[in-house]
Structure formats: C-alpha cells, structure tokens
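Enquirer: Here is the input, now give the coordinates:
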Amino acid sequence: MTDRIIERPSGDDPEEDAAGLKKLIEINSGWIWEVDADFRYVHFSTPGDIGLGYAQAEILGRTPFDFMPPDEAARVQKLLEATLAERRTFSGILTRNLKRDGGLMMVEKSGIPLFAADGCFRGYRGVDRDVTAVYERFHKLDSLYALAPLPLFVADRDHRFVEVNEVFAALCGTPVPEILDRRVEEFVPGADEALRHDFATVDADRKVDDREYDWRGREYVGSVRPVQNISGKVIGLSTAWLDITERNIASRSLAEANQRLERYAHEDYLTGLWNRRTLDDRLVTEVRRAQRAGRPVAVIMADVDFFKRYNDHYGHQAGDECLKAVGEVFKKTLARAGDTAGRYGGEEFCAVMGDTDMKGGQTMAETLRASVEVLALPHEGNPAGLVTISLGVAACDFSGVSKLEDASAKSLIANADAALYTAKAAGRNVVRC
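Expert: Alright, predicted model coming up:
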C-alpha cells in the first residue's frame, strides 16, 4: 500500500528500520494513530493504551470523539469540520480526553491526510501527545491571572485586548469574551496615546514609568511590563492597575489636616485673623522691608471699649460673637496685599501696614472705628450704647534713613500701644497718634 505522505527512503534492512521505528515510538511521549475516512481508529500505538487506560481493542473502530466529554467532542468536531472536509493537515489542537478511570487527559493532536495510489482519500495519520502536565502548569498560571485581585490586561501592538482578567472585565461591566480583540480605547479613553508612548519606550529598551489614571470615578496607578515572544520580540504590553482611590483620599485628607494645623499655628482660632506670633513676625518683616526700600510702615493697635462689661452683661458666648464681628471688620477693611490684620490678644486687635505713613495709618484707623460703630451692636455697659473701639497709631518713615535706633518693631508696637491708651483716656471711640 503506497501513501503520498511517505517521503523517507528505506534503509538497507527493512526489519532493522521497523525495529528502530518501534523503539522510537515506544520512547516517545506521544503515540501514533491512524483513522479511516470515517475517522474511526484503525491503528493506535501502545503508549496511548497506557495513557487512556483502554485496551487497544476498545479503541479500534471508534472515533477520537468517543473518548471526549460531549461538549468537548462538539467543540473539536466543529473546529476540525472545515479541515476534515478539505482533507487538510492539522496540528497543535488541544483536546480534553476521558480516561477509563474517569480522569481527564489533555492531548495535543496533529494529523496529515492519507491518500491511496489512485488519489482516493483513505483517512488520517497523526500523533497525539500527552500535554496534561504542561497544560496544568499553564492552567494554573491562567487561573492566577484570571483570579488576581487586581485589574489585569494585555494589549497587542494593534492596541487590542488579547488577555483580560475577570476583575478588569467586571470594572468594564462586560464579559471577558466580549472584550477580547476589541480596542483598548473603547474602554479606556486616552489608551491609544498611552500605548503608543509605552511601546516606543520598551522598543527603546527603557522601563515604562507607572502612571495614574482617573477612570470611571476611581483613581488607579498602572504598572506596564512588556510581553515577549520566544525570540525576545515585544509583542504586547501587560498592564496591572492598583486602585489608589482610598489612598489618595486619605493622602489629601492628611494634607488638608496638615494645612489646617499649619493655619491654626498662625491664625487666631476665634476670628480667623492672624495670631500674635504671626503679627510680630510680619511686623519685623515689614520694618526690614521698609528700611531696605526707604519706605514708611505703620501700626494700629485697637481695643474693644468696655469689653469686660460686655462679657459680664451678655455672657462669654456673646462676647465671642462680638469679637468675631470686629475681626470681620478688620479682615474686610485691611485688604491690601501689604496689610496684615490680627488679634493681638483678648479684645485687642492689631494691623501692620507696609508703605503707609502716619497720615495713611490715621485714615485707616478712622475707617476701622467708623465701620465698627456702624455695626450698631448693642452694649449697655458702654455710654455710647453700642460696641465701639479705641485705636492708637504709630508710624515710621525710613526715607533717606539707613537705620533708626528707635524704629524697631518693638518700638512701633510700644508707640501704637501708648497712643491707644491716650485714646482711651480721651473718652474712647476715638483715634490717637
């Protein structure tokens, strides 16, 4: 019987060739089979008997599909349908096969068509190989990939999904099979640009830096690694996403808390104005700036009139509200970039004004006094019948002066404080310099 597939020339001793072939088959991890035109076994070598657990007599006359689970048999038949109809060669088809003991064996099938001398098709001859161990290793890797708690996917050079795990599919709200082979851009806006950059980076033999994504209301950091074929060529990019939404929220909350603490260290907790320490620092800075620039600087000290009586009559909570209202007047009135308003302590307020001479300081103090009076906050302990403030102003002009012994920050505060006491002695609700 002559077959077209036989191309190897025979040796000088046919029996020796046959013995060698038999030895080769026995030591091979696979087994040789032959089927007729109806795909029924007419030959099956020994290793297959051992692997499947069936005697040769139980295999011959049956088809390979008889040794597969029904769903697998239907899948493989459909897969081979066109190949068998056209009598083409097939190779590397993975199938699940039933063993006699009920177990499963993963088999890789390859086969070539056989033709008689007259050209009539007479079946297939092929090789089956037990790849269960290899398949189990890959299956474990696939399972690890599929069940990984992080969103994972692999994109090819056409920017299409070739691998996607269940976590990523769940985030997309689309089953894995419906995501595969679709463009990443469909699910992740901006992915095309990112993938072009990342492929260019790995092609240049550089590491892709992690990047953060805002995606569907969550924040992720993506880690990208190249996927290579056996020749070392980069054929895709594997991406893992880590959800950092809560971490970023916590980080922002911590930053905001630190900013609040920093603010509290410089602000008065009641009025929101600068506190005394900050006022002292700002005054020193302004005096030094005025000395360098040869410009004036002014300080206003203010005190709520008869405030102890106000607290005693209306209560401390009302007293706090009163101080807040006065503080708001200072905040709104002293609005220039070079102005600093603060609560100096108790019912005492202070303002530091750069590039302001005595006349300018006096004008600002009068504006503050009138603005508090306009509030018309009732105060039965004040002869005026409402809340008023007294103010003292001090200033120093450094024009043409390099340094003045009595023009220190402390001396300005002392002079403004002395002017304040003069205003109180003059009957309160007035400005004195």
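
Enquirer: so Ser238 makes contact with Val227?
Expert: Yes: counting by Cβ atoms under 8 Å, Ser238 does reach Val227; the two are 5.3 Å apart. Glycine gets a C-beta too; all of them are placed from N, C-alpha and C.

Enquirer: tell me, what's touching those two both at once?
Expert: Val154 (Cβ atoms under 8 Å, 6 or more residues apart in numbering).

Enquirer: residues in contact with the one residue sitting closest to the centre of the chain?
Expert: Geometric centre of the chain, nearest residue: Tyr220, 2.4 Å, by Cα atoms, centre = their mean. By Cβ under 8 Å, 6+ apart, Tyr220 lies in contact with Pro151, Glu212, Tyr213, Trp241, Leu242, Asp243, Ile244, Thr245.

Enquirer: Surely Cys322 is in a strand?
Expert: No: counting by DSSP: H, G, I helix; E, B strand; the rest coil, one finds Cys322 to be helix, located in no strand.

Enquirer: Next up, the contacts around it.
Expert: Val304, Phe307, Tyr310, Tyr314, Leu377, Val387.

Enquirer: Mind putting these into JSON lines with secondary structure?
Expert: Below are these laid out as JSON lines (three-state DSSP):
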{"residue": "Val304", "secondary structure": "strand"}
{"residue": "Phe307", "secondary structure": "helix"}
{"residue": "Tyr310", "secondary structure": "helix"}
{"residue": "Tyr314", "secondary structure": "helix"}
{"residue": "Leu377", "secondary structure": "coil"}
{"residue": "Val387", "secondary structure": "coil"}
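
Enquirer: Could you give me the PyMOL syntax to select whichever of those residues are buried?
Expert: This is how PyMOL selects the buried members of the contacts of Cys322, with burial counted by 16 or more other Cβ atoms under 10 Å:
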select buried, resi 304+307+310+314+377+387
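
Enquirer: for stretch 93-108, the distance to its chain's centre please.
Expert: Its chain's average C-alpha position is 44 Å from that of stretch 93-108, according to Cα atoms, centre = their mean, to the nearest Å.

Enquirer: mind listing what's buried in that stretch?
Expert: Ile93, Thr95, Arg96, Asn97, Leu98, Met105, Met106, Val107, Glu108.

Enquirer: So which of those residues belong to helices?
Expert: Taking DSSP state H, every one of the buried residues of stretch 93-108 sits outside helices.

Enquirer: longest helix of this structure?
Expert: From DSSP H, the single longest helix across the chain is helix 245-266.

Enquirer: Please state the mean pLDDT value computed over that helix.
Expert: For helix 245-266, the mean per-residue pLDDT is 87.

Enquirer: From the contact counts, what lies against it?
Expert: Applying 3 or more Cβ pairs under 8 Å, 6 or more residues apart in numbering; DSSP states H and E, we find helix 245-266 packed against strand 218-228.

Enquirer: ok, Arg88 to Ile112 distance?
Expert: 9 Å (Cβ to Cβ, to the nearest Å).

Enquirer: who has more neighbours, those two?
Expert: Ile112 (16 against 12; other Cβ atoms under 10 Å).

Enquirer: any idea which helix or strand comes after the host helix or strand of that one?
Expert: Assigned by DSSP states H and E, Ile112 belongs to strand 104-115. The helix or strand immediately downstream of strand 104-115 is strand 121-130, counting by DSSP H and E.

Enquirer: Give the buried residues for that next one.
Expert: Quick answer for strand 121-130 (16+ other Cβ under 10 Å): Arg122, Gly123, Tyr124, Arg125, Gly126, Val127, Asp128, Arg129, Asp130.

Enquirer: Could you single out the nearest of the residues you listed to Asp203?
Expert: Asp203 lies nearest to Arg129 out of those, by Cβ to Cβ, at 35.9 Å.

Enquirer: Tally up the residues packed near the nearest residue to the closest one once chain neighbours are set aside, please.
Expert: Once flanking residues are discounted, Arg129 sits nearest to Gly30: 3.6 Å by Cβ to Cβ, 6 or more residues apart in numbering. Using other Cβ under 10 Å, Gly30 is surrounded by 20 other residues.

Enquirer: from now on call the first residue 170
Expert: OK, 170 is where the count begins now, so the last one is Gly199.

Enquirer: residues contacting Gly199?
Expert: So Gly199 contacts Pro216, Glu277, Val296, Asp297, Arg298, Asp299 (Cβ under 8 Å, 6+ apart).

Enquirer: What score does it have for pLDDT?
Expert: 75.

Enquirer: Now do the same contact list for Tyr483.
Expert: Contacts of Tyr483 by Cβ under 8 Å, 6+ apart are Cys491.

Enquirer: how much space between Asp437 and Lys477?
Expert: From Asp437 to Lys477 the distance is 19 Å (Cβ to Cβ).

Enquirer: Between these two, point out the one with more neighbours.
Expert: The residue with more neighbours, out of Asp437 and Lys477, is Asp437; 20 against 12, by other Cβ under 10 Å.

Enquirer: The closest residue to the more buried one other than its chain neighbours: what secondary structure?
Expert: Leaving aside its chain neighbours, Asp437 sits nearest to Arg512 (4.2 Å; criterion: Cβ to Cβ, 6+ apart). Using three-state DSSP, the structure places Arg512 in strand.

Enquirer: And Arg512, how close does it get to Leu439?
Expert: 7 Å.

Enquirer: Name the nearest residue to Gln397, sequence neighbours excluded.
Expert: Spatial nearest neighbour of Gln397, chain neighbours left out: Val403 (5.6 Å); criterion: Cβ to Cβ, 6+ apart.

Enquirer: Sorry, slip of the keys, the one I care about is Glu335.
Expert: Using Cβ to Cβ, 6+ apart, the nearest residue to Glu335 is Ala315, at 5.6 Å.

Enquirer: For the one you found, give me the pLDDT.
Expert: pLDDT, read off for Ala315, is 71.

Enquirer: Surely it touches Asn334?
Expert: Yes: with contact defined as Cβ under 8 Å, Ala315 counts as touching Asn334 (5.1 Å).

Enquirer: On the three-state scheme, Ala369 is what?
Expert: Under three-state DSSP, Ala369 comes out as helix.

Enquirer: got the contact list for it?
Expert: Contacts of Ala369 (Cβ under 8 Å, 6+ apart): none.

Enquirer: What's the separation between it and Ala520?
Expert: 59 Å.

Enquirer: one step back: could you give the angle of the longest helix of the chain to strand 387-397?
Expert: Taking axes from the mean of the first three to the mean of the last three Cα atoms, to 10 degrees, one finds helix 414-435 and strand 387-397 inclined to each other by 130 degrees.
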